[in-house]
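The amino acid sequence is not available; the structure is as follows:
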């Protein structure tokens, strides 16, 4: 089975929910390494933030970080320990435009339509990967090995269940 790179589908920012959304609120960091109250914690999905009327993608995002607006307008996604006094940190907990934040969980969903990425009844949350994710990862890594270089940094997530451990072992 070969790997097919998923196509990203950006949100339609002409929709009313984007047009009428407020700008994201911010607060200035006043203690090194400590995020302001109500800071926005990033997820595994693409996230957009409305800054001065424009929706900006946090391009170098990773999970469980804070988003800082730099003087040049670039969004910098950083770990809390790297926050510095004076950093302008994005605030907000709601991710469907209400706080000027949009989490785009459907960005890589194909023609089959939307899926509920947060449905616990399906046995997954946005913070948990299961064996079917590793099957996809296996095919991606085979593709990367053929056309580039693979570098791994593994944490405990690869060993959550038997099938996941087996899939990772096959790759070694």
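Right, received. Where do you want to start? What you are looking at is a predicted structure, and each value in this text was computed from that prediction instead of being measured. Numbers count the residues shown, from 1 in each chain.

Around the closest residue to residue 52 other than its chain neighbours, how many other residues sit close by?
Counting by CB to CB, 6 or more residues apart in numbering, residue 52 lies nearest to residue 23, which is 6.4 Å off, once chain neighbours are set aside. The way it works is simple: take the backbone N, C-alpha and C, and place the C-beta from them, glycine included. Using other CB atoms under 10 Å, residue 23 has 13 neighbouring residues.

next one: residue 105
20.

Could you check how far it is from residue 16?
When CB to CB, to the nearest Å is applied, the distance between residue 105 and residue 16 equals 20 Å.

re earlier: read off the pLDDT value for the residue nearest to residue 52.
Residue 23 carries a pLDDT value of 98.

for residue 143, what are its contacts?
Residue 143 is in contact with 2-3, 5, counting by CB atoms under 8 Å, 6 or more residues apart in numbering.

Output the residues you listed in TSV; the columns should cover pLDDT and neighbour count.
Putting these into TSV (pLDDT from 0 to 100; neighbours: other CB atoms under 10 Å) gives the following:
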residue	pLDDT	neighbour count
2	71	7
3	73	15
5	77	8
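
Looking at those, which is nearest residue 34?
residue 5 (38.7 Å; CB to CB).

List the contacts of that closest one.
By CB under 8 Å, 6+ apart, the residues touching residue 5 are residue 143.

Check for me that it belongs to a strand.
No. Residue 5: not assigned to a strand; according to DSSP: H, G, I helix; E, B strand; the rest coil it is coil.

Any chance of the backbone angles for it?
Main-chain dihedrals, residue 5, degrees, to the nearest 10: phi -60, psi 130.

Look up how far residue 64 lies from it.
Counting by CB to CB - residue 5 and residue 64 are separated by 26 Å.

again, but for residue 55
Taken as CB to CB, the span from residue 55 to residue 64 is 22 Å.

between these two, which one's more packed in?
Neighbours per residue (other CB under 10 Å) separate residue 55 from residue 64, with residue 55 holding more: 19 against 11.

For residue 27, which non-adjacent residue is spatially closest?
residue 36 (3.7 Å).

The one you found contacts residue 88, doesn't it?
No. The pair residue 36 / residue 88 is not scored as a contact, 9.7 Å apart, by CB atoms under 8 Å.

List the residues that are in contact with both of the two.
Joint contacts of residue 36 and residue 88 (CB under 8 Å, 6+ apart) are 27-29.
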